[in-house]
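Novice: how does the following fold in three dimensions:
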Amino acid sequence: MTLKDKTVLITGASRGIGKAIAEKFLQNGYQVHGTFFASKDKILELQKQYGKNKVIIYGPYDFTNTNETEKLIEKLTGIEFDAVVCNVGTFSENDDFLNFNLKEFNKVMNCNLYTTLLLGIKLQNNIKNGGTITIMSSNDAYSGAFASISYSLSKAALLSLMKSLCVNYGRRNIRVNSVAPGSISTDMSTPEQEYDAPKFTPISRIGQPHEVAEVIYFLASPNSSFINGENITIDGGYSNISVLLQGESQRIRNFEGYQCEYDLHDTMNKGDHVMILTPCPYYNYIDTPEEHKIADQIAASTKRGAIVDEILIVDEEKETYMRENPLVHEHARSLSPLGSLHIVRKKDVIKHCPESYRAMGGGFGIFNNKIAFIDAYESQQYTGYTVKNEEWIKPLSIAFKDIAKHINNGEIKSLKLLPEKTDDQIKKPAGYKHAYYLYDKMKKGDELIHLSPCLSYTYIDNPEEQELLNRSRAASKRGANIYELLIVDENREKELQKSPIVKEYYESTKATGGLYLVKKKDVIKHCPDDYKLIGAGYGIFNKKLAFIDSYESNDCIGYLVDDKLLVKPLVTSFDNVIANIKNGKIKPLKISID
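Specialist: Numbering: from 1, shown residues only. The predicted model follows:
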């Protein structure tokens, strides 16, 4: 049997998570039998998109009344399903502890629990041997409810029901599982879910309906063939947060950004001492305004008589880059003669000072042995945290001094700086002909990621831009994977949505790559650090060679960079913006293809 022959029943398929589940199964060839109550227009949209033979609609059914559930069961007589997704649910705020309303309570129980119970038992002859049942619970099932008792109680009861169905269906090789989503962005979301839940979620956001749909489809697929009787939590880690422990942590750790680092260096004067130990992560010593300002603040403090000692620990991949790095040279010049800068090999530190290496973590700076800035980069707003506890600072100070002692006695070699690389050595000017050549070299399996802020000279009807399109189209036909990410401000938004050249890029890349047109303000809102790296745009070939846009003339429209340490943050920025598109935070604009 092919996927196109398979069928799935989804209750509550017209909106929110249910609609996302329906779309996932439809995208994979299933025929979807879906119910609705009040959102017929939305499920009709699915039917219009996929066809009446692929989307079979039932309703309206109000499952807060179990008589309606019985009517659906009767309607489904004789229809067989490969998968059943019991998704439908409701919520009431009128059954709390102080103002309990049994009628409201029973409505929620009927919809959330008894409808699933009746379907699970009375449709047993409708479910094919080897099929699956997936039940929609919630992470509210794990906690006591201050209000909406019926919701958390019904969702907890579903977990027990799932296990009972599992043991009874097992003889027919029908697997039964459940999922427990946390805060998901739907029209049922409360303000607390939208705005407060991210504060208590390790990945600092709420989920999107498609992220739940992916798990449910997995549980219905052969890829989960030995998963049975299990509940999968989908809440971004929310259930693992202890508010008490989080509060205790924040009391001793103050998460800060670059401004805190500037301020700490500003307080350093004659006789003050700063010890900096870093494993040189990708966000340190790079050509950004923030890193240059750190260098300036350190230089200013040394002119006031502060002593700054830096130890940079590098692996083999980054060794030459750091020794030639202009910013590292700048640090070294400013520290002398009172302080020092040493570049040392990671393997040497691990060999001679293994415990000190482990204590380093992501790096740190210690100011007069009284306050430490611990590197824990998340964004420019949160680059680390400060601690003032002597018991925390002492082992870090010991680690720094231990490594410094082994440098001074010669056991760990301090590497000499290499001649400073100039911009001309790093960046090689390139024109349109270089861009054509790079497209022409692309073959099946090669990848180009192109990010553009859509400046006025791009995506316009001139011979050079048309030729770029032709070369891109030819590369796609050869099997190259080309991804275009166009960031547009309000001035060009409508122009590019209707642009013939953008439409042609969209059509030529959709088979093996893709094109996204997104609003500049959305990228700035959700990916501010990544937006700052965009500049005039760039294209990266196979994650190795970057073509950095910098239009001066047709003979110099940018420059080539093949230093992978400079290319890596650009790739990361592109991936971050794409991730925010896929999780629904950044919504792509529609491109006219008429």
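Novice: gap between the nearest residue to residue 112 once chain neighbours are set aside and residue 516?
Specialist: Take residue 112 and drop its neighbours on the chain: the residue closest to it by C-beta to C-beta, 6 or more residues apart in numbering is residue 154, 3.7 Å away. Just so you know, the C-beta spots here come from the backbone N, C-alpha and C atoms, and that holds for glycine as well. Distance of residue 154 to residue 516, computed by C-beta to C-beta, to the nearest Å: 39 Å.
Novice: neighbour count: those two, which is higher?
Specialist: Between residue 154 and residue 516, counted using other C-beta atoms under 10 Å, residue 154 has the larger neighbour count: 27 against 20.
Novice: quick one: that one is in a helix?
Specialist: Yes: read with DSSP: H, G, I helix; E, B strand; the rest coil, residue 154 is one of the residues of a helix.
Novice: for it, what are its contacts?
Specialist: The contact partners of residue 154, taken as C-beta atoms under 8 Å, 6 or more residues apart in numbering, are 108-109, 112-113.
Novice: which SSE is residue 46 in?
Specialist: In this structure, residue 46 sits in helix 40-50 according to DSSP states H and E.
Novice: please save the CA atoms from the very next helix or strand once past that helix in PDB.
Specialist: Going down the chain from helix 40-50, the next helix or strand is strand 55-58, by DSSP H and E. What follows is strand 55-58, C-alpha atoms only, in PDB (Å, rounded to 0.1, in the frame of the first residue of the first chain):
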ATOM      1  CA  VAL A  55     -10.200  16.000   2.400                       C
ATOM      2  CA  ILE A  56     -13.400  14.500   3.600                       C
ATOM      3  CA  ILE A  57     -15.200  16.900   5.900                       C
ATOM      4  CA  TYR A  58     -17.500  16.000   8.800                       C
END
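Novice: list the buried ones in whichever helix or strand comes after strand 55-58?
Specialist: Sequence-wise, the next helix or strand downstream of strand 55-58 (DSSP H and E) is helix 66-75. Neighbour-count burial for helix 66-75 flags 66, 68-69, 72-73 (criterion: 16 or more other C-beta atoms under 10 Å).
Novice: I'd like the average pLDDT over helix 66-75.
Specialist: Averaged across helix 66-75, the pLDDT comes to 96.
Novice: which other helices and strands does it contact?
Specialist: helix 115-122 (3 or more C-beta pairs under 8 Å, 6 or more residues apart in numbering; DSSP states H and E).
Novice: now do the following helix or strand past the helix it packs on and helix 115-122, the angle between them.
Specialist: Once helix 115-122 ends, the next helix or strand along the chain (criterion: DSSP H and E) is strand 127-136. Angle, strand 127-136 to helix 115-122, by axes from the mean of the first three to the mean of the last three C-alpha atoms, to 10 degrees: 170 degrees.
Novice: most neighbours, which of the contacts of residue 154?
Specialist: residue 112 (27 neighbours).
Novice: contacting residues for residue 458?
Specialist: For residue 458, the contacting residues are 452, 465, 537, 549, by C-beta under 8 Å, 6+ apart.
Novice: residue 102: which of those residues is nearest?
Specialist: Among the contacts of residue 458, residue 452 lies closest to residue 102 (C-beta to C-beta), at 60.0 Å.
Novice: what's across from that closest one in the sheet?
Specialist: Per DSSP bridges, the residues bridged to residue 452 are residue 486.
Novice: these two touch, right, it and residue 537?
Specialist: Yes: using C-beta atoms under 8 Å, residue 452 is in contact with residue 537, at 3.9 Å.
Novice: more neighbours, the two?
Specialist: residue 537 (21 against 18).
Novice: poorly predicted segments of the chain, please.
Specialist: The model of the chain has pLDDT under 70 over residues 1-4, 244-253, 282, 378-381, 421-428, 554, 593-594.
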